[in-house]
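Trainee: give me a 3D structure for the following:
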Amino acid sequence: MFRIVLVLLAKDSREAVNEALVTWIDGLGPREPCKPWATLGEQGLQTRPALAWIDDVPRLGQPLSGRLQAIVRDRPNAERQFFVSLVRLVGNPTFDHEKNYPASSLDDAGFRLLAVYRFWNVIAYWFPYRELIDDWDAALRVALPKMVMAPDAATYQRELMALIAQVRDTHANLWSSLAVRPPIGACRLPIDLRFVAGTQLVVAATRASVGIAIGDEITAIDDVPIAPAIHDRAPSYAASNDAARLRDMASQITRGPCGPIRLAVTDVESERTVDAVRVAEADPWVTHDLPGATFRLLSDEVAYLKLSSINIADVPGYIEAAAKTKGLGIDLRNDPSAYVVYALGNLLVEQATPFVGFTYADVANPGAFHWTNAPSMLQPASPHYCDKVVILVDDASQSLAEYTTMALRAAPDAVVVGSTTAGADGNVSTIPLPGRLSTMISGLGVFYPDQRPTQRVGIVPDIEVRPTIAGIRAGRDEVLEAGISAIAGTSR
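Mentor: Next comes the predicted model:
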């Protein structure tokens, strides 16, 4: 690629570039006839390869367009190829043979170019939600000069982050380079923050005394107002939707150099300035469930089960303990500690029940995605819980939490309470990039059985409830309260 790029850059017209590409293709030698050739079956086809560009004769010229059409036409009907294969029994792509060139410099324009091209092509041909992106071609045209001409490695990585963010996939980020994502620094305040009502940054819980109380609103950090800081830094935060982006920004917003930090704080009575100290501390995993036991009876009528600390072996016992209640609240405002989709979901249904459908990539037809033959099913099992099921979700619910919610929602009389989730479901695929960089994508398309999407959309609750500043100050869990009310209002 580097050699042909140098040849193309020396040309002075589009026609000369096209001729050079024809010469390069012909220099690769004759194509061996493939038997059988690959075909694109229509049955179960969800997304077609985006290959119309190879037919653009006015742009490419007939010789180049003809060469490209022949390559596509004569491709082998292979279930595997060298650079891309599908994970066994799952179906998301894996890129095991893409080199990350660990010794390459992030200042090298050639390796920057390779990183851009590799990521762009992975999205163009192997991302199951490619068609949700507004204009991926335009994204490449804008990103190329910014990344190749970035004055230093840190700026280059931030520009790469901005390109990745345009995919709008919470799983996708330049995970290898979060240290250069703004705000930059090795330390943060030892407090938990979340955005309430969109832009109001509120202390949800304090884990150390820093002169701030639960429910205080932070309006500025080191004299920088919160609202413009959110706007300026948003391009570096890859997320499927605003809920996930604000969640991630809240966890990072006090980051900076170790040492003093000044906050503008508003409480119920006044505004004040608070001087605190940033300390070295790992980023918390955002969770909004109840502290304490995995399972408990909140009353004689309501059982509560959180999945952030659940063990599969304990699931039947929890269901038996909840048997006499009118409703079971299942808290998924967290990252489940175990895969209990079937171990728990099967105990909530009365008959075989579909809950999810998938799309998977076609190795012989890069860019094509097909539906699986049938949706995945829950199968009834004992002990069976026969009353109301209320599932609690919010912006902390991502990936496995969203998938689990889809399964539990299939139970009769199940109700989802809370707010829109992170909108990133499906097994992840890692993409190595030059200079020991790496990103990921949601590699498997996840849909409801009726083919409704979940990517970017998230799990849309049946009863929408969001925390309020007043509720946080009062120490209330308004989402849980709404779930309890849903149980009290209706039971089977």
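
Trainee: quick one, strands of the stretch 201-350 of the chain?
Mentor: 217-221, 224-225, 259-266, 271-278, 295-297, 302-306, 327-331 (DSSP state E, counting those that start in this stretch).

Trainee: domain-wise, how is this protein divided?
Mentor: Structural domains assigned to the chain are 105-284+428-433, 295-427+434-489, following automatic domain parsing.

Trainee: okay if I get the strands of the stretch 201-350 of the chain as JSON lines plus mean neighbour count, distance to residue 355 and mean pLDDT?
Mentor: C-betas here are computed from N, CA, C, even on glycine. Shown next, in JSON lines, are those (neighbours: other C-beta atoms under 10 Å; distance: least, C-beta to C-beta, whole Å; pLDDT from 0 to 100):
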{"stretch": "strand 217-221", "mean neighbour count": "19", "distance to residue 355": "40", "mean pLDDT": "94"}
{"stretch": "strand 224-225", "mean neighbour count": "12", "distance to residue 355": "44", "mean pLDDT": "94"}
{"stretch": "strand 259-266", "mean neighbour count": "16", "distance to residue 355": "44", "mean pLDDT": "95"}
{"stretch": "strand 271-278", "mean neighbour count": "14", "distance to residue 355": "44", "mean pLDDT": "94"}
{"stretch": "strand 295-297", "mean neighbour count": "15", "distance to residue 355": "23", "mean pLDDT": "98"}
{"stretch": "strand 302-306", "mean neighbour count": "24", "distance to residue 355": "18", "mean pLDDT": "98"}
{"stretch": "strand 327-331", "mean neighbour count": "26", "distance to residue 355": "14", "mean pLDDT": "98"}
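
Trainee: adding distance to residue 125, write those strands out as TSV.
Mentor: Below are those laid out as TSV (distance: least, C-beta to C-beta, whole Å):
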stretch	distance to residue 125
strand 217-221	42
strand 224-225	41
strand 259-266	45
strand 271-278	43
strand 295-297	45
strand 302-306	40
strand 327-331	38
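
Trainee: can you tell which of these is closest to residue 38?
Mentor: In terms of C-beta to C-beta, the element of the strands of the stretch 201-350 of the chain nearest to residue 38 is strand 327-331, at 44.8 Å.

Trainee: and the helices in the stretch 251-400 of the chain?
Mentor: 315-321, 341-345, 400-409 (DSSP state H, counting those that start in this stretch).

Trainee: quick check: bridge partners of residue 371?
Mentor: residue 359 (DSSP bridges).

Trainee: in PDB, list the C-alpha atoms belonging to the host helix or strand of residue 157.
Mentor: Assigned by DSSP states H and E, residue 157 falls within helix 153-165. Coordinates of each C-alpha in helix 153-165 appear next as PDB, following Å, rounded to 0.1, in the frame of the first residue of the first chain:
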ATOM      1  CA  ALA A 153       1.200  12.000  18.500                       C
ATOM      2  CA  ALA A 154      -1.300  13.200  21.100                       C
ATOM      3  CA  THR A 155      -3.200  15.300  18.600                       C
ATOM      4  CA  TYR A 156      -3.100  12.400  16.100                       C
ATOM      5  CA  GLN A 157      -4.700  10.100  18.700                       C
ATOM      6  CA  ARG A 158      -7.400  12.600  19.500                       C
ATOM      7  CA  GLU A 159      -8.200  13.000  15.800                       C
ATOM      8  CA  LEU A 160      -8.400   9.200  15.500                       C
ATOM      9  CA  MET A 161     -10.800   9.300  18.500                       C
ATOM     10  CA  ALA A 162     -13.000  11.800  16.700                       C
ATOM     11  CA  LEU A 163     -13.200   9.500  13.700                       C
ATOM     12  CA  ILE A 164     -14.000   6.500  15.900                       C
ATOM     13  CA  ALA A 165     -16.700   8.600  17.700                       C
END
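
Trainee: with adjacent residues omitted, what lies nearest to residue 487?
Mentor: residue 327 (3.0 Å; C-beta to C-beta, 6 or more residues apart in numbering).

Trainee: thanks a lot, catch you later.
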